[in-house]
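**Student:** pasted the sequence and its predicted model underneath.
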Amino acid sequence: MLNRRHFLGATGLSLATLGLPARLAHASTGSDLKFIFVFAQGGWDPTRVFATEFGNNNVDMEADAEVATVGGIQFVDHPNRPSVRTFFESWHDRSVVFNGVMVRSIAHEICTMIAMTGTTSGVSPDWPAVLADKERNAFTLPHLVLGGPSFPGELGVAVARTGGNGQLEALLSGTAVDMSDQYAGGPSSPAENLIDRWVARRAQARSMGARNALETALLNDFHTATSHASALKDLQYVMDFSGGTDLTDQGAVAVEALRNGVSRCLTLSTGSGGWDTHTNNDNDQSILWENTFNGLGQLLNLLRATPGSTSATLADETVVVLLSEMGRTPKLNVFSGKDHWPYTSAMIVGPRLTGSRVVGGFDRQYYGQSVDTVSGEVSDTGAVLSAESIGATLLAMADIDPTPYVSGVDPIMGVLE
Amino acid sequence: MVMLLALIGCPAETPDSDASATMDPVAALVRTSLDLRGVRPSEDEVARVEADPTELDLLVDEFMDDPRFEGRVRDLWAEVYLTRTEAYLISAASYGLDDQPAFQTAVGDEALHILGYIAANDLPYTELVTGDWTMADETLAEIWPIDRPRGDGWQKSRYTDDRPAAGILATNSMWWRYTSTTSNANRKRANAASRILLCNDYLSRPIEFDRNVNLLDEEAVEAAVQSDPACANCHNSLDPFAAYFFGFWWYDYTNPLEASRYYPERELTWRTYLGVEPAFYGQPGASLADLGRQIAADHRFPECATRQAWELLLRRDATTDDTDRLAAHRDAFINGGLTVRALLRSVVTDPAYRAGASAEDGSVSLKMASPDLLATQIEDLTGFRYTYAGYDLMRTDMVGYRTLAGGADGYNVTSTAAGPNATLVLVQERLAEAAAWYAVAPSEDPLAAPGALMTVDFAATPETDRAAMVAQIQDLHLRIFGKRVAADGEEVEAALELWTALYAVEPDGRSAWAGLLSALLRDPDLLFY
């Protein structure tokens, strides 16, 4: 049975056929880049893929795993995780792995905040929100969150969540009205259109009545949000926003959102499985890594198969960022689990990178090694990689000055083309 | 500009356009009513304040006598406690129950009901951490060892498993929400208590991991935790704090038999997992009851409640510029017998709370309603409660819209949004539509609302009874926005135009009124107040 996404794809409906605005094609620059953040919540164990610590007796590696190299990327190869090798064989030349990334805490909430924003303030916008906001006028939903964390800060008008169970679809289609215990009816489509226009005019009028900066911001944002909501209703006939919790499904929605020019940034979760493996680390992490790289490979393949707006394919203009809020202790605990660790890994895949490369590393104590930010090479005189330096690098890729967001931290310019 | 706006069918902003340093009294009334009882003021209350603005201060006390005040306190502090979650490790089915929504709500609200009861009954705020009682509904009484008196709904009750008298510190719901692991050794729980009760969030402090400490060496880590300044700064107070919570040391969080009880015999398990005796900033203790008394005696306890009230009611973070005001409100709180009522009265009568558009920096002449406040005011206006299969759609996320409407789930979204976005606008729209159609439903319909908001004859048209329709529109503006609009004013004209347009596409008066009502409920002035 065809669901709506498949139906729309099969019928070739697009923004153009619906007469909706599409972005004009122009040369690829940092501002043309799109971003997909994939977040592994719970704290992954880098020694299952990124941290090849086989010679380090301070680190418990799997007995049946071995080191492998594809291009310039060295990784942990395991028969239960074939998708990892498959992924790097296809995408190593666009991939940069960061090892030894410090997150300054071992608490999930704080590490998540640090990984996504570089701060613990709770009010700073996260990387995707900043990236999206810079191009907010070009997109209906500049940053769409299909899963995982979101810290919109003051940029909330640029950020929206879909909900994990089709909530955005229900809101757009109006079934959110039907799905109530006291359902008593709702507007017909023509009536809804009339009311929408009336409310939009009211929002505009009200924004003109703002009396100070705070009111101007709130009322302008309401007006903008009303416009975005209206545009989204049109988009429900173009794409399906129901991403679910599976990375592959979320990835399909993300690509549709990029293809249709709906969003610049998307945040996805790796799925509903828990990475917080205080028990049974090896088995659970292995499954999660395999599923994640399988989903990641499908996402990249889909991007490669989809025409871009300024490049041949979306893969040529989309940066995929794979993050987790923390790492896990190098040694197994008495429950065969691993606890929280303040150094982790991250990976960026996309254009404008000197790919096929591993930046940074872990020392004997499984702490992060220092890196020269200019070259990206390990250097005793450099700085330890941090969530802030990853964020600064992403902003720099998009031609955004990172200084206002990550003061005192340099982007790793050595990984940028 | 006014002419332009009239031409496009919407009134310009005129009544409140003058930027004053003090909020218009009726606007202040609306804000106070929403903040203290979650609903908009009645026509009579608007008339009282219009006739005499000083009536507002009397109404403050009346609002706090309102039965809805208790629920409002719960909703406000839900943003601090973050216990309303769907991430509990035990479900209703684990206890053989069918009603998951009721289970989830009951577990998530236990601690908040304690706070609400304290507020509504003028008990001293210290009861929050020293009370020998809890609050329980039918569900909690069935699943946990609780002695609950007869009666419907939430009742003041008592656990029967010999847990200490420590208010919310001795509730299952708090420690179902804030779990621990072997290595964490209750530090997460201690931090939750510290954050909620003392406004001291250890996790907000930057951590500098000393590269000279071998994190792989357990003994070295233990030594560093106690002696390395970078570690000891937090752990010297956090670890003894955490040592109090071992009566809630559950070995299997997914087992309802295990995780429903308090275990006095496990209180000393700190010896195994922490090696540090229970203490509160150097004051030794033995049980959670001691911790409760120590927190209650700490100067930060009332200061924290004051700060929370200030931030929740002004919808912004406190700053150093607020120091004097916060001190005054803390004093009012203490001098008022540490009642929540004294604290909230002090805050909502503060000039900063009622500041107008031209007031100094830091004033909040407009703020956005949280999802629960959007829901309660629309429920009061229309009788419509947005639930589905028993789930409160504005307070949940799995099937509901809380985070899409700007709310926090405590995990993926950690704070309530201060500004709108597209999904919030869509939630407001669908809620408004569902509520509006419910409000005009035929009275013989068993689902119908009382219809208090809509008194017009739905058969009336502008041609047959324009006066009645105009009166209805004026009533709606008064009831929804607290504004009196002229019979020949722009607002009435714009509303009639919409009604007429709706009637043209579907010649049914009831539907046209529902459409108009939904438009008004989608107004920015319903969201911002």
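**Tutor:** Yep, that arrived.
**Student:** let me see the contact set for residue B:478.
**Tutor:** Residues near residue B:478 by C-beta atoms under 8 Å, 6 or more residues apart in numbering or on different chains: B:43, B:46, B:484, B:485. Quick note: C-beta positions are derived from backbone N, CA and C, even for glycine.
**Student:** how far does the helix or strand where it lies sit from its chain's centre?
**Tutor:** According to DSSP states H and E, residue B:478 maps onto helix B:462-481. Computed by C-alpha atoms, centre = their mean, to the nearest Å, the separation of helix B:462-481 from the middle of its chain amounts to 34 Å.
**Student:** show me what from the stretch 151-300 of chain B comes close to chain A.
**Tutor:** Contact residues (C-beta under 8 Å from any C-beta of the partner chain) of the stretch 151-300 of chain B with chain A: B:181-183, B:188, B:191, B:203-209, B:211, B:214-216.
**Student:** now the helix holding residue B:478: buried residues?
**Tutor:** Under the neighbour-count criterion of 16 or more other C-beta atoms under 10 Å in any protein chain shown, helix B:462-481 has B:469, B:470, B:472, B:473, B:474, B:475, B:476, B:477, B:478, B:479, B:480, B:481 buried.
**Student:** how about JSON lines for these, with pLDDT and distance to residue A:74 added?
**Tutor:** Output for the buried residues of helix B:462-481, formatted as JSON lines (pLDDT from 0 to 100; distance: C-beta to C-beta, whole Å):
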{"residue": "B:469", "pLDDT": "98", "distance to residue A:74": "76"}
{"residue": "B:470", "pLDDT": "98", "distance to residue A:74": "78"}
{"residue": "B:472", "pLDDT": "97", "distance to residue A:74": "74"}
{"residue": "B:473", "pLDDT": "98", "distance to residue A:74": "72"}
{"residue": "B:474", "pLDDT": "97", "distance to residue A:74": "75"}
{"residue": "B:475", "pLDDT": "96", "distance to residue A:74": "73"}
{"residue": "B:476", "pLDDT": "97", "distance to residue A:74": "69"}
{"residue": "B:477", "pLDDT": "97", "distance to residue A:74": "69"}
{"residue": "B:478", "pLDDT": "97", "distance to residue A:74": "72"}
{"residue": "B:479", "pLDDT": "96", "distance to residue A:74": "69"}
{"residue": "B:480", "pLDDT": "97", "distance to residue A:74": "65"}
{"residue": "B:481", "pLDDT": "97", "distance to residue A:74": "65"}
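**Student:** chain A: which of these is nearest?
**Tutor:** residue B:481 (11.4 Å; C-beta to the nearest C-beta).
**Student:** isn't that closest one right next to residue B:525, touching?
**Tutor:** Yes. Proximity of residue B:481 to residue B:525 meets the contact threshold set by C-beta atoms under 8 Å, at 5.3 Å.
**Student:** residues in contact with the nearest residue to residue B:216 once chain neighbours are set aside?
**Tutor:** If the residues on either side of it in the chain are set aside, residue B:216 comes closest to residue A:58, at 5.2 Å by C-beta to C-beta, 6 or more residues apart in numbering or on different chains. The neighbours of residue A:58, taking C-beta under 8 Å, 6+ apart as the test, are A:330, A:331, A:364, A:365, A:366, B:216.
**Student:** could you pull up the mean pLDDT of stretch B:148-160?
**Tutor:** Mean per-residue pLDDT for stretch B:148-160: 97.
**Student:** end-to-end on that stretch?
**Tutor:** End-to-end distance for stretch B:148-160: 10 Å, by C-alpha to C-alpha, to the nearest Å.
**Student:** give me the buried positions along that stretch.
**Tutor:** By 16+ other C-beta under 10 Å, the buried positions in stretch B:148-160 come out as B:148, B:154, B:155, B:156, B:157, B:158, B:159.
**Student:** quick one, phi/psi of the residue of chain A found nearest chain B?
**Tutor:** Nearest residue of chain A to chain B: residue A:209, at 2.5 Å (C-beta to the nearest C-beta). The phi and psi values for residue A:209, taken as degrees, to the nearest 10, are phi -90, psi 10.
**Student:** pLDDT score for it?
**Tutor:** At residue A:209, pLDDT is 91.
**Student:** same deal with residue A:18?
**Tutor:** Confidence score, pLDDT, at residue A:18: 40.
**Student:** ok, now residue A:110?
**Tutor:** 86.
**Student:** same check on residue A:21?
**Tutor:** 38.
**Student:** then residue B:181?
**Tutor:** Note for residue B:181: predicted pLDDT of 84.
**Student:** so what's the residue count around the closest residue in space to it that isn't next to it in sequence?
**Tutor:** Nearest non-adjacent residue to residue B:181, counting by C-beta to C-beta, 6+ apart: residue A:278, 5.0 Å away. Residue A:278 has 21 neighbours, counted by other C-beta atoms under 10 Å in any protein chain shown.
**Student:** pretty sure residue B:276 sits in a strand.
**Tutor:** No. The assignment for residue B:276, made by DSSP: H, G, I helix; E, B strand; the rest coil, is coil rather than a strand.
**Student:** contact partners for the residue lying closest to it once chain neighbours are set aside?
**Tutor:** Closest residue in space to residue B:276, ignoring its immediate chain neighbours: residue B:239 at 4.5 Å, by C-beta to C-beta, 6+ apart. Residues counted as contacts of residue B:239 (C-beta under 8 Å, 6+ apart) are B:185, B:187, B:190, B:225, B:274, B:276.
**Student:** domains of chain B?
**Tutor:** Split into domains by automatic domain parsing, chain B comes to B:91-296, B:299-348, B:368-529.
**Student:** next, give phi and psi for residue A:97.
**Tutor:** In terms of degrees, to the nearest 10, the main-chain angles of residue A:97 are phi -100, psi 130.
**Student:** ok, and the closest non-adjacent residue to it?
**Tutor:** residue A:358 (4.5 Å).
**Student:** how about residue B:170?
**Tutor:** Excluding the flanking residues, the one nearest residue B:170 by C-beta to C-beta, 6+ apart is residue B:163, at 4.7 Å.
**Student:** what's the separation between the one you found and chain A?
**Tutor:** Distance, residue B:163 to chain A, using C-beta to the nearest C-beta, to the nearest Å: 26 Å.
**Student:** show me what the lengthiest strand in chain B is in contact with.
**Tutor:** When chain B is parsed with DSSP state E, its longest strand is strand B:155-159. The contact list for strand B:155-159 (C-beta under 8 Å, 6+ apart) reads B:117, B:132-137, B:140-141, B:144-149, B:170, B:262.
**Student:** relative to the whole chain's centre, how far out is it?
**Tutor:** For strand B:155-159, the distance to the chain centre is 23 Å (C-alpha atoms, centre = their mean).
**Student:** by contact count, what packs against the next helix or strand after it?
**Tutor:** Next along the chain after strand B:155-159, taking DSSP H and E as the criterion, comes helix B:172-177. For helix B:172-177, the packing partners by 3 or more C-beta pairs under 8 Å, 6 or more residues apart in numbering or on different chains; DSSP states H and E come out as helix B:100-120, helix B:187-198.
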